[in-house]
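[1] one predicted model, sequence on top.
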Protein chains: 2
Amino acid sequence: MPISCPWSWDSSPTRARAAPAAWAATNWNPRPPSRNKMQLILNDYGLRMGRTHERITVTKDGKPVADAPIRDIEQVIIATDSASVTTAALAALLENGIPVTFVDHSGGVFGQLISPTDFGDAALRALQYAAAADGRGLALAKAFIRGKLANQALNLKYFAKSRARSNPDAAQTLNGAAQQIEAIIPEIQSIPGPGLDAARGSILAAEGRAAIHYWNALKTIVPPELEFTARVRRGATDPVNASLNYGYAMLYARVWSCVLAARLDPYAGFIHTYRKNKPTLVFDFIEEFRAFVVDRPLFSWFTKGGRPECDPDSRLSKATRDRISGLVLKRLATTIPYHGRDTKVQDIIQAEAWEIIRFLKQNEEHTPFIGTW
Amino acid sequence: MPISCPWSWDSSPTRARAAPAAWAATNWNPRPPSRNKMQLILNDYGLRMGRTHERITVTKDGKPVADAPIRDIEQVIIATDSASVTTAALAALLENGIPVTFVDHSGGVFGQLISPTDFGDAALRALQYAAAADGRGLALAKAFIRGKLANQALNLKYFAKSRARSNPDAAQTLNGAAQQIEAIIPEIQSIPGPGLDAARGSILAAEGRAAIHYWNALKTIVPPELEFTARVRRGATDPVNASLNYGYAMLYARVWSCVLAARLDPYAGFIHTYRKNKPTLVFDFIEEFRAFVVDRPLFSWFTKGGRPECDPDSRLSKATRDRISGLVLKRLATTIPYHGRDTKVQDIIQAEAWEIIRFLKQNEEHTPFIGTW
């Protein structure tokens, strides 16, 4: 019997989806002292977030659960509708420019507390809108997909290497698919411009061909009992797709915040045409990071015995969600070389968003993020 | 001794200004049953906003202060940092598209809880940015200022009429200034386009000349003990200017929400060039409404014995702030004829914001709001 697990991340956040009745823990993820910034995730019933002088405090039934200086907090994610917050805490977070994001039980962003100044750069957005027509939008679209494909190929070669002896057939399949994907990259570069409209079909077709190679190859390394037969983006009922969707949602919250912090318009993307209520720039930009931040740790977990589980209500279990968010947050906090400096992946995402700005303002080329081995 | 009253509304909301330690009351302004929508202002210490089924409830020390069906709430303004809110209430407000706005003690907006879909119309914003160059931006800029001047002239004639017998000299001054202002309106219409950059100086000069006539005339009807010698926009230390600034801040919160609800970019205005962190479209659009919504009721109050007062700490007293916000909110809830239908002023502001959209999308002319007698 297949595991029924109707857990999916809907890529279009809407107001209609409610936060869950209760989440069962607080994730408080302190980072290494070198940077000392942390993310606060409120996901347990009865928590109360307040402010005491220059600190954010979290209590439950009057007892302290966590507290930290405001300046050491990077982001607050509210993932329960059974907690409370003081207006003093919200005001302090606003004043310090710390994003407060509301996510529903599948990780979709349905609310964000913003300062008016978060959208304060109209001159930048004028450039963003102009870029759709002047060829720079096409250059960005190509860069996003180039980055996606390079990271997909890198993942396949990574999984091939560890199977070179133990499973040479699988290694050959993985390496072959990686080469197929790498062969598509120069095709993308040669798609003619400058207009986006004519080029879009070719870009999406190239992305689609790469996806077939990528997922077919990954399928071969997933244990059969997980019944991963095809990639399903929405309404997935199998544990692998549901896990991927949940992992992407964690990444999505980070990418969304980085785009906002850069004061770009999240809705004015380049690969996809403008559609109401679709943050197409977030959809574009996340493509650089999916494979490295989510696919790599999740497929490593699956191949090393990881078994995503469902609750009796057919949703990913709390333990599985915690495991997945732990894997993704750990990956985001991993330090890798970036422009010659050891940098956390989550900071690279922000740096890449700023690079989009430099491209729009100063025509400095946007080099897509490509992960490490 | 002049009344020292350093109360001003800074038109550039920043994160640096904190909400006050405590406000002394909850304003709960139910509207007539015809529409039955209300604004909830949390401005007292110790209030707790929660959700019970489909209702928003406000309690203090466990005792109910107010409650209402969620669908009957139009806007929530949080004006204290000594209250608390449940995440369930915030989620419900988000899901129902109800704006939650954080204002500081001078009424400046320093935070807004938004749904991602509040910014969901990139195609519209592309038109907004294009309008700055294609002549439609100039048409909007002219309309905003035309509306401003027409409403200023209307105010002067309104105050002249009631003085025709009691104070014919004042009436003559007021009517004369109104005519001077009305003479400037066709000048604005004839400023050549299509570019905004060349026209801006002429528009602002015309606005400035009208302002001199307007405030000089209004000065003559303000009781001398209020010592209103000139209009001061920021850092005002006299009670009339401080009162006006506070009243404009109340209006500003409404205009800001209407611009956001229309999914326009608040930062991409037309009269003023883009400046970082300056919501220039809000600054532009509010011009249509200042005179009718704020100046009229406040100067009526001053001339009928209203005396704005300061606390010992030299700020407008709580009673004065309540009086001013009461006057402005009452004015916003006033019903006047609009396109043949009796409509509340606050709904007219929203309708005018939608009219900007129709102008951008379908080239339907934006007719500025002009108040009634």
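    That came through, no problem. Numbering: from 1, shown residues only, chains lettered A, B, ... in the order given.

[2] okay, CA-based contacts and neighbour counts for the rest of this
    Noted.

[3] need the residues of the stretch 201-350 of chain A near chain B, please.
    Residues of the stretch 201-350 of chain A found near chain B, taking CA under 8 Å from any CA of the partner chain as the criterion, are A:265, A:267, A:268, A:274, A:275, A:276, A:277, A:278, A:279.

[4] against residue A:172, how distant is the residue in the stretch 201-350 of chain A that chain B sits nearest to?
    Taking CA to the nearest CA, chain B has its nearest neighbour within the stretch 201-350 of chain A at residue A:277, 3.8 Å off. Taking CA to CA, to the nearest Å as the measure, residue A:277 falls 42 Å from residue A:172.

[5] now swap in residue A:144 and tell me
    Using CA to CA, residue A:144 is found at 27 Å from residue A:172.

[6] and what of residue A:315?
    Taking CA to CA as the measure, residue A:315 falls 36 Å from residue A:172.

[7] now do residue A:215
    Per CA to CA, residue A:215 is found 15 Å from residue A:172.

[8] more neighbours: which of residue A:144 and residue A:172?
    Ranked by neighbour count (other CA atoms under 10 Å in any protein chain shown), residue A:144 and residue A:172 place residue A:144 first, with 23 against 17.

[9] quick check: mean pLDDT across the helix or strand containing the more buried one?
    Residue A:144 is part of helix A:136-161, with elements assigned from DSSP states H and E. In this model, helix A:136-161 has a mean pLDDT of 97.

[10] before we move on, the earlier item: just give me the least confident of the residues of the stretch 201-350 of chain A next to chain B.
    Among these, residue A:277 carries the lowest pLDDT, at 80.

[11] still on that earlier bit, list the helices and strands the helix holding residue A:144 packs on?
    The contact analysis (3 or more CA pairs under 8 Å, 6 or more residues apart in numbering or on different chains; DSSP states H and E) places helix A:136-161 against helix A:122-134, helix A:168-189, helix A:196-219, helix A:280-286.

[12] repeat that with 7 Å
    Using 3 or more CA pairs under 7 Å, 6 or more residues apart in numbering or on different chains; DSSP states H and E, the elements in contact with helix A:136-161 are helix A:168-189, helix A:196-219.

[13] let me see the contact set for the residue of the stretch 101-250 of chain A found nearest chain B.
    Proximity of the stretch 101-250 of chain A to chain B (CA to the nearest CA) peaks at residue A:120, 3.9 Å away. By CA atoms under 7 Å, 6 or more residues apart in numbering or on different chains, residue A:120 lies in contact with A:263, B:267, B:276, B:277, B:278.

[14] now do 10 Å
    Residues near residue A:120 by CA atoms under 10 Å, 6 or more residues apart in numbering or on different chains: A:262-264, B:265-268, B:274-280.

[15] which of these are buried, as a ChimeraX select command?
    Burial among the contacts of residue A:120 is assessed by 16 or more other CA atoms under 10 Å in any protein chain shown; the matching ChimeraX selection reads:
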select /A:262,263,264 /B:265,266,267,268,274,277,278,279,280
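
[16] what about the contacts of residue A:120, which are in helices?
    Of the positions in those, residue B:280 sit in helices, assigned by DSSP state H.

[17] take the contacts of residue A:120 and lay them out in a markdown table including distance to residue B:104.
    Listed next are the contacts of residue A:120 as a markdown table, based on distance: CA to CA, whole Å:
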| residue | distance to residue B:104 |
| --- | --- |
| A:262 | 25 |
| A:263 | 23 |
| A:264 | 26 |
| B:265 | 22 |
| B:266 | 19 |
| B:267 | 20 |
| B:268 | 24 |
| B:274 | 24 |
| B:275 | 22 |
| B:276 | 20 |
| B:277 | 17 |
| B:278 | 17 |
| B:279 | 17 |
| B:280 | 20 |
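
[18] nearest to residue A:64, of the contacts of residue A:120?
    Nearest to residue A:64 among these: residue A:262, at 34.3 Å, using CA to CA.

[19] about what we covered before: residue A:49 is nearest to which of the helices and strands packed on helix A:136-161?
    For residue A:49, the closest of the helices and strands packed on helix A:136-161 is helix A:196-219, at 42.0 Å, according to CA to CA.

[20] how about that closest one: buried residues?
    A:196-197, A:199-200, A:203-204, A:206-207, A:210-211, A:213-219.

[21] repeat that for stretch A:308-328.
    Residues of stretch A:308-328 classed as buried by neighbour count (16+ other CA under 10 Å): A:308-310, A:315-317, A:320-321, A:323-328.

[22] straight-line length of stretch A:70-84, end to end?
    Stretch A:70-84 has an end-to-end distance of 18 Å (criterion: CA to CA).

[23] just confirm yes or no for it near chain B.
    Yes: contact between stretch A:70-84 and chain B is present through A:78, A:79, A:80, A:81, A:82, A:83, A:84 (criterion: CA under 10 Å from any CA of the partner chain).

[24] of the residues you listed, which pair is most distant in space?
    A:79 and A:84 (11.5 Å).

[25] which residues are common contacts for the two?
    Counting by CA under 10 Å, 6+ apart, the shared contacts of residue A:79 and residue A:84 are A:42, A:45, B:87.

[26] wait, which of those is closest to residue B:345?
    Nearest to residue B:345 among those, with distances taken as CA to CA, is residue B:87, at 31.9 Å.

[27] contacts only, for that closest one.
    The contact partners of residue B:87, by CA under 10 Å, 6+ apart, come to A:19, A:42, A:48, A:78-85, A:102, B:49-51, B:93.

[28] out of the residues you listed, which sit inside strands?
    When those are checked against strands (DSSP state E), the matches are A:42, A:48, A:78, A:84, A:85, A:102, B:49, B:50, B:51.

[29] next, count neighbours for the last one.
    So that's residue B:51. Look at residue B:51: counted by other CA under 10 Å, it has 23 neighbours.

[30] check contacts around the most far-flung residue of chain A relative to its centre.
    With distances taken as CA atoms, centre = their mean, the residue sitting farthest from the centre of chain A turns out to be residue A:62, at 34.4 Å. Applying CA under 10 Å, 6+ apart to residue A:62 gives the contacts A:46, A:47, A:48.

[31] pick out the residue nearest the middle of chain A.
    Taking CA atoms, centre = their mean, chain A has its central residue at residue A:251, 1.9 Å away.
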